[in-house]
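Engineer: can't give you the sequence, but here's the structure:
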């Protein structure tokens with residue numbers, strides 16, 4: 001199938017907000033035009049076990065045809081992992097891989113090495129064991145960001161889909177990312193509830209320190225990008241703070257100055273990156 005042209009200036013990995021999962025056997029071209037920050041061809045949960053080879057071939061063909069995307073590969077413990085990474089190695093359109101069901105740092109490193117050592121790996125943490133090993137995973141060679149597989153985590157732990165119940169694993173990934181020197185993690189997808197629920201979920205994730213979100217439909221990408229970008233009122237505040245600080249020669253007046261300026265600088269940097 002023909003591949004859509006990639007955007008001229010893709011959003012850097014550390015700033016990517018909307019991560020759109022699309023089945024490799026689905027309408028990848030339409031997904032590539034969604035405006036998402038990161039397009040992820042899915043070879044794992046979105047593909048029936050009897051069609052794994054077909055999906056892998058489709059992803060390879062799309063990437064060889066000029067498309068650029070991440071690929072979610074099957075977990076290290078899966079019989080499909082080896083064939084996934086071997087098929088993807090060296091493809092020019094491969095941006096990176098999202099490693100499903102990550103529970104150990106060695107799984108990330110083995111995946112990165114099998115891909116040649118230069119391909120970035122986002123570790124998708126989807127179980128209680130993975131959450132508890134998050135620091136090890138974040139520190140693993142080859143890991144560039146953590147993501148939360150919230151649906152499988154709830155299945156593994158019989159946890160409710162509430163902000164309170166999801167607070168611990170999300171915070172755990174945030175702290176692990178900080179310890180590992182990684183960008184803030186990517187939150188799991190929101191299912192059902194429409195745009196209002198998706199926006200509320202983004203706000204809850206932002207409150208906990210997550211800065212990206214997995215999406216399951218192209219129309220979600222714009223909502224997520226807007227919700228995870230600085231609000232215009234916050235940007236205006238930040239630039240007022242920075243202007244005032246510069247006008248007084250960057251002289252610190254009290255203990256709140258540096259934290260306030262630091263937040264303002266971060267908001268300004270994000271606003272410029274996202275065009276707010």
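Structural biologist: Received it, and whenever you're ready, just let me know what you need. In this text the structure is predicted, and so the values were computed from the model without any measurement. Numbers count the residues shown, from 1 in each chain.

Engineer: just the terminal-to-terminal distance for stretch 177-193.
Structural biologist: 29 Å (CA to CA, to the nearest Å).

Engineer: tell me the mean pLDDT for it?
Structural biologist: Averaging pLDDT along stretch 177-193 gives 95.

Engineer: equivalent analysis for stretch 233-244, please.
Structural biologist: For stretch 233-244, the mean confidence score works out to 89.

Engineer: domains in this protein, by residue range?
Structural biologist: 13-228, 232-274 (the TED database).

Engineer: report the distance from the last one to the chain centre.
Structural biologist: Which is domain 232-274. 27 Å (CA atoms, centre = their mean, to the nearest Å).

Engineer: please identify the most buried of the domains of the chain.
Structural biologist: Highest mean neighbour count of the domains of the chain: domain 13-228, a mean of 20 (counted as mean count of other CB atoms under 10 Å). C-beta coordinates here come from the backbone N, C-alpha and C atoms, glycine included.

Engineer: what's the span of it, first residue to last?
Structural biologist: 15 Å.

Engineer: pick out the shakiest of the domains of the chain, pLDDT-wise.
Structural biologist: Among the domains of the chain, domain 232-274 scores lowest, with a mean of 88.

Engineer: in contact with the residue lying closest to residue 107 once chain neighbours are set aside, which residues are there?
Structural biologist: With CB to CB, 6 or more residues apart in numbering as the criterion, residue 107 has its nearest non-adjacent residue at 3.9 Å, and that residue is residue 76. Taking CB atoms under 8 Å, 6 or more residues apart in numbering as the contact definition, residue 76 lies against 99, 101-102, 104, 107, 110-111.

Engineer: please redo it, this time with the cut-off set to 10 Å
Structural biologist: 82, 85, 99-104, 106-108, 110-111, 114 (CB atoms under 10 Å, 6 or more residues apart in numbering).

Engineer: could you do residue 243 as well?
Structural biologist: residue 264.

Engineer: which helix or strand lies directly C-terminal to the host helix or strand of it?
Structural biologist: Assigned by DSSP states H and E, residue 243 belongs to helix 232-247. Along the chain past helix 232-247, the next helix or strand (assigned with DSSP H and E) turns out to be helix 257-274.

Engineer: helices or strands up against that next one?
Structural biologist: Judged by 3 or more CB pairs under 10 Å, 6 or more residues apart in numbering; DSSP states H and E, helix 257-274 is in contact with helix 232-247.

Engineer: verify the stated contact: residue 16 with residue 145.
Structural biologist: Yes - assessed by CB atoms under 10 Å, residue 16 is found in contact with residue 145 at 8.3 Å.

Engineer: now do the residue nearest the centre of the chain against residue 177, distance only.
Structural biologist: Central residue of the chain (CA atoms, centre = their mean): residue 186, 3.9 Å from the mean position. Distance of residue 186 to residue 177, computed by CB to CB, to the nearest Å: 10 Å.

Engineer: overlap of the contact sets of the two?
Structural biologist: 145-146, 210-211.

Engineer: so can I have a markdown table of the residues you listed showing distance to residue 262 and secondary structure?
Structural biologist: Output for the shared contacts of residue 186 and residue 177, formatted as a markdown table (distance: CB to CB, whole Å; DSSP: H, G, I helix; E, B strand; the rest coil):
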| residue | distance to residue 262 | secondary structure |
| --- | --- | --- |
| 145 | 22 | strand |
| 146 | 23 | strand |
| 210 | 19 | coil |
| 211 | 16 | coil |
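
Engineer: need the residues you listed in JSON lines (columns: distance to residue 234).
Structural biologist: Output for the shared contacts of residue 186 and residue 177, formatted as JSON lines (distance: CB to CB, whole Å):
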{"residue": "145", "distance to residue 234": "24"}
{"residue": "146", "distance to residue 234": "25"}
{"residue": "210", "distance to residue 234": "17"}
{"residue": "211", "distance to residue 234": "14"}
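
Engineer: residue 19 should be in a strand, yeah?
Structural biologist: Yes - looking at residue 19 with DSSP: H, G, I helix; E, B strand; the rest coil, it is inside a strand.

Engineer: phi first, then psi, for residue 250.
Structural biologist: In this entry, residue 250 is assigned phi and psi values of phi 60, psi 30 (degrees, to the nearest 10).

Engineer: now do the same end-to-end measure for stretch 34-45.
Structural biologist: By CA to CA, one end of stretch 34-45 lies 21 Å from the other end.
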